[in-house]
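Mind folding the following:
(chains A and B)
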Amino acid sequence: MYKYIIRRILVFIPMLFALTVIVFGLAMAAPGDAISGNELADPNVDPEVYEQQREALGLNDPVPVQYWDWISSAAQGDFGNSLVYNGRSVAELIEERFANTLYLGLFSLGITILVGIPIGIYSARHPYSLFDYGATGFGFLGLAIPNFFFGLIAIYLLSIHLGWFPAQGTLSGPGQSGFNELSDRIHHMILPGITLGLAGTATYMRYMRSEVLDVLGSDYIRTARAKGMSDTNVLYKHTLRNALIPIITLMGFEIGVLLSGAVITEQVFQYPGIGTLFLNSVTNRDFPVVMAIALILGTLILIGNLIADILYSIIDPRIRYD
Amino acid sequence: MTQKPLLEVEGLKTYFYLDDDMVAKAVDGVDFTVSPGETVAIVGESGSGKSITSLSIMQLIQKPGKIIEGTISLENDNLLKKSGKQMTKIRGNDIGMIFQEPMTALNPVYTIGNQITETLKKHKKLSKKEAHQRAIELLKVVGFPRAEKIIDEYPHQLSGGMRQRAMIAMAISCDPKLLIADEPSTALDVTIQAQILDLLAEMKERLDMAILLITHDLGVVAEYADRVLVMYGGQIVEKASVEQLFENTKHPYTTGLLESLPDIDKEMDRLGAIKGTVPPAHSFPKGCRFSDRCPHVMDHCYESNPELRQVESDHHVRCFLYE
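Okay, the predicted model is just below:
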C-alpha cells in the first residue's frame, strides 16, 4: 500500500511537468503579452518605454528560454513576480486568495454531500413516490441550469429582492473577529456555495439513488433480510457501503470540478479567490500567476484522484494495491 | 406421521401486480405441511412458483408482489399476522434460508465472520467474543478445517462451494427449526453439489431441523427428500411421499419430468421432453394449467381446472384422469 502511494506520487512529477509545458505553450500562443494591456490603456507613453520593459522582463526572449527561466526557478519553489499586480510575488498573491477558494470549495462540497446523498438514499427507498419524482425533477434542473445563470438568478432574487444574503465579497466590513467574523464569512459563502455545489448535488443525488436501488435489489441484501436483519441495519450496514463504492470515483473528480467551477462562480459573485485571480491573470497575460495556479490545481486534482483510489481500497476489500 | 406439523401453509396466494393491470398469480392456492425433522421438496420448472412460495414463508416478497390470502403457521403461530419487526425475530432464528447463488448471496464488503456473527449477536444476544467463538465452531461444523482463518476472509477469497458452506453456517447459526434451501446446489459444480447436499442432510440430523428443499432436480429429490410437492403454474399438481411419487407417478406433468431424466439402466437415444413452456403467470389457460402441454389432454381439461384430490393415503393429485 505504502509502496503504491509512493509510486503514484512519483508519477505526479512527469504529469505535472507535461502540464506546465502545455499550459506554458498555450499561454504563449495567446496574442499579446502583459505589457500590451498597458499600451492600450495609455497611448501617450513612448512605445520605446514598453519595449524596454519587455526586454527587462524577458518577454522578448524565445519561448523555450522563457520556459527554462520559469521552470528552473519554479523547481526551486520560486514562482516569480506578477507582471501585473505591481510586481508583487506570485506566492503572496495566491496565498491571500487560496484560503477563500478552499473554504468555498469545502463549503460547497459539504452541501453537495449532505444534501445530495441523503436525498438520493431517500429517493431509492421510496422509488416512484412523489418525493422521488420531485427530487428527479430537481436533479435534471440542477444539471441543466448553467452555473453562472443560477448565480445571477440567486443574486437577483435572494440578494437584491429579498436581501437575505450578500451578493458579493467575503466579508461585510473589516475589523470583525471571532464568531462574528466566522458567521459573516459563512453568510457570504451561502449563495456562491450553493451555486457552485448545485450541479454536484444533483449528480450525487442521481448516482446515489440508482446505486442504492441497485444494491437493495441484490442477492446479499435478500440474504441479510433472510437472516432477520432490521431495515435500518440492511440500509446502513449492508447497502450503503456497497452503494458508496462508485460514489468515491465521483469524489475523486469533484476537486477538479469544484475548482474549475469556482472560476466562473467566483467571477459572478466577485468573490476574491483563486478563480477570479486566474481569470484576471489569463486576460492580462500575467503568465507567472497563470502557471502557478495551473500547477496548484493540477496537483490538487492528482491528489484528489489518489485519495479516491486509496478510499476505494479501504471501502472495498476486493481492491488491493500491492 | 401423526406429529403436529412444524410448518403449515394453507391457501397461500402470492400475486404480483404488474404494469398494464396484469396480475401474475405466481402462487395460487398452495397448501402443505412440513413436520419436524422432515425434508420436504418442492419441485417444478422455472416459473412454477416454488421460489415465490419459499420467499412468501419468509415474507421477503418485494413489491409489486403481495401475499393476498392464506395462512402460514409455524408451530401454530400465524406468521402472516406478525408485524415487520416481529418477523425479523423469526427470520434467521426460527427459519434459516440459503439461496441458489453463493457467488452473490454474501455481502462482498464484509468478512465471513462479520456476516455470521451479526446473526448470532442479533438473535442469540451473544457478546462479540462469544459470537466470534461460536462462528469458528460453526465454520468447523460445515467443514472448514482452517476456520480461524476463514472467519477473517472476504467472500471473494472463497470458491463457490466454500461460500455455500459459509452460507449454511450462517443459516444454521441460530439452530433454526426449519431451513429453507432454495436450489442450494444448482449453481455449483457437480462434485460440489453432492457435498453441499450431504452437508445439509448431516446438519438436519445433527440439529434435528426440518428442511424445505426447493429444486428442479428430481435426482436430488429421490436422494434427500421424504415428501415431494410438484408445482406447476403456481399450484401443487401432485403431493406424495417420495416412494409413492417415483413408483406410482400420477400426474402427467410429473411423468414428463421423470421421463426427462436420464436412466442408466435403459438404452435410449433421446431424453423425453415436455413440449412447450410454462405459461406466464399472468395468462394461465382457462382450464387445467397444464392442458396445453399435456399428452393426455381431454375436452373438459380446457374447461375447468381440476381440484387437488386425495387418491391414496399419502398421495394427492390435481388431474381429471384420476376422478
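
Name the nearest residue to the closest residue to chain B within the stretch 51-200 of chain A, sequence neighbours excluded.
Residue nearest to chain B within the stretch 51-200 of chain A: A:Pro127 (9.1 Å; CB to the nearest CB). Just so you know, the C-beta spots here come from the backbone N, C-alpha and C atoms, and that holds for glycine as well. Nearest non-adjacent residue to A:Pro127, counting by CB to CB, 6 or more residues apart in numbering or on different chains: A:Leu213, 6.2 Å away.

The one you found is in what secondary structure piece?
helix A:178-216 (DSSP states H and E).

could you check whether the helix or strand following that helix is close to chain B?
From helix A:178-216 onward toward the C-terminus, using DSSP H and E, the following helix or strand is helix A:219-226. Yes - using CB under 8 Å from any CB of the partner chain, helix A:219-226 comes into contact with chain B via A:219-220, A:222-226.

contacts for helix A:219-226?
Outside helix A:219-226, the residues that touch it by CB atoms under 8 Å, 6 or more residues apart in numbering or on different chains are A:215, A:233-234, A:237-239, B:58, B:60, B:91-92, B:96-97, B:99, B:101, B:104-108, B:167, B:170-171.

go on, stretch A:95-106?
Identification of contacts with stretch A:95-106 by CB under 8 Å, 6+ apart yields A:170, A:185, A:189, A:192-193, A:196, A:255, A:258-259, A:262, A:265-266, A:271-277, A:296.

The same query, at a cut-off of 10 Å, please.
Defining contact as CB atoms under 10 Å, 6 or more residues apart in numbering or on different chains, one finds that stretch A:95-106 is touched by A:88-89, A:94, A:169-170, A:185-186, A:188-189, A:192-193, A:195-197, A:254-255, A:257-259, A:261-263, A:265-266, A:269, A:271-278, A:293, A:296-297, A:300.

Of these, keep whichever come out buried.
By neighbour count, with 16 or more other CB atoms under 10 Å in any protein chain shown, the contacts of stretch A:95-106 hold A:94, A:170, A:185, A:188-189, A:192-193, A:195-197, A:254-255, A:257-259, A:261-263, A:265-266, A:269, A:271-278, A:293, A:296-297, A:300 as buried.

related to what we said a few turns ago, where helices are concerned, which of the contacts of helix A:219-226 count?
By the criterion of DSSP state H, membership of the contacts of helix A:219-226 in helices covers A:215, A:233, B:58, B:167, B:170-171.

With respect to A:Ser177, which of those is nearest?
A:Asn233 (46.7 Å; CB to CB).

what is the mean pLDDT for the helix or strand harbouring B:Thr191?
Under DSSP H and E, the secondary-structure element containing B:Thr191 is helix B:190-207. In this model, helix B:190-207 has a mean pLDDT of 90.

What residues sit buried inside that helix?
Buried, per 16+ other CB under 10 Å, within helix B:190-207: B:192-193, B:195-197, B:199-200, B:203-204.

Now find how far off-centre the host helix or strand of A:Ile94 is within its chain.
Using DSSP H and E, A:Ile94 sits within helix A:90-111. Helix A:90-111 has its C-alpha centroid displaced from the chain centroid by 9 Å (CA atoms, centre = their mean, to the nearest Å).

Just the buried residues of it, please?
A:90, A:93-94, A:97, A:100-105, A:107-109, A:111.

And the furthest pair within those?
Within these, two members stand farthest from each other by CB to CB: A:Val90 and A:Ile111, at 31.0 Å.

a helix runs through A:Pro166, doesn't it?
No - judged by DSSP: H, G, I helix; E, B strand; the rest coil, A:Pro166 forms no part of a helix; its state is coil.

On the pLDDT front, check it for me.
84.

Got phi/psi on it?
Main-chain torsions, A:Pro166, degrees, to the nearest 10: phi -70, psi 150.

who are the neighbours in contact with the closest residue to it other than its chain neighbours?
The shortest distance from A:Pro166 to any non-neighbouring residue, by CB to CB, 6+ apart, is to A:His188 (5.3 Å). A:His188 is in contact with A:100, A:103-104, A:165-172, A:269, A:271, counting by CB under 10 Å, 6+ apart.

who's B:Asp77 bridged to?
Bridge pairing for B:Asp77 (DSSP bridges) gives the partners B:Leu74.

Give the burial count for it, as a bare number.
12 (other CB atoms under 10 Å in any protein chain shown).

same deal with A:Pro174?
6.

re the thing from before, my guess is the residue of the stretch 51-200 of chain A closest to chain B meets A:Arg209, correct?
Yes - here A:Pro127 lies in contact with A:Arg209, judged by CB atoms under 10 Å, at a distance of 7.9 Å.

so what sits against both of these two?
Residues touching both A:Pro127 and A:Arg209 by CB under 10 Å, 6+ apart: A:Thr136.

Looking at those two, which is more packed in?
A:Arg209 (25 against 15).

Contacts only, for that one.
A:Arg209 neighbours (CB under 10 Å, 6+ apart): A:116-117, A:119-125, A:127, A:132, A:135-136, A:139, A:243.

any idea which element B:Gly11 lies in?
strand B:7-17.

State the mean pLDDT of the helix or strand following that strand.
Going down the chain from strand B:7-17, the next helix or strand is strand B:23-34, by DSSP H and E. Averaging pLDDT along strand B:23-34 yields 93.

what packs against strand B:23-34?
strand B:7-17, strand B:39-43, helix B:50-58, strand B:65-74, strand B:210-215, strand B:227-232, strand B:235-241 (3 or more CB pairs under 10 Å, 6 or more residues apart in numbering or on different chains; DSSP states H and E).

For chain A, what is the nearest residue in chain B?
Closest point on chain B to chain A, by CB to the nearest CB, is B:Gly92, at 3.4 Å.

quick one: contacts for that residue?
Neighbouring residues of B:Gly92 by CB under 10 Å, 6+ apart: A:223-229, B:58, B:118-120, B:122-123, B:170-171, B:173-174, B:176.

ok, now which ones touch A:Gly116?
Here A:Gly116 is in contact with A:135, A:139, A:142, A:197-198, A:200-209, A:247, A:250 (CB under 10 Å, 6+ apart).

switch the cut-off to 6 Å
By CB atoms under 6 Å, 6 or more residues apart in numbering or on different chains, A:Gly116 lies in contact with A:201, A:204-205.

which of these count as buried?
Of all the contacts of A:Gly116 considered here, the ones buried according to neighbour count by 16+ other CB under 10 Å are A:201, A:204-205.

Name the residues of chain B found near chain A, please.
Contacts of chain B with chain A, taken as CB under 6 Å from any CB of the partner chain, map to B:58, B:60, B:88, B:91-93, B:97, B:101, B:104-107, B:109, B:119, B:154, B:156.

Let's see which of those end up in strands.
Cross-referencing the residues of chain B next to chain A against strands under DSSP state E gives B:Met97.

Spell out which helix or strand contains A:Pro174, please.
Going by DSSP H and E, A:Pro174 is not in any helix or strand.

ok, then the element right after the host helix or strand of B:Ala135?
Using DSSP H and E, B:Ala135 falls within helix B:128-141. Reading on from helix B:128-141 to the C-terminus, the next helix or strand found by DSSP H and E is helix B:147-150.

Cool, thanks, signing off.
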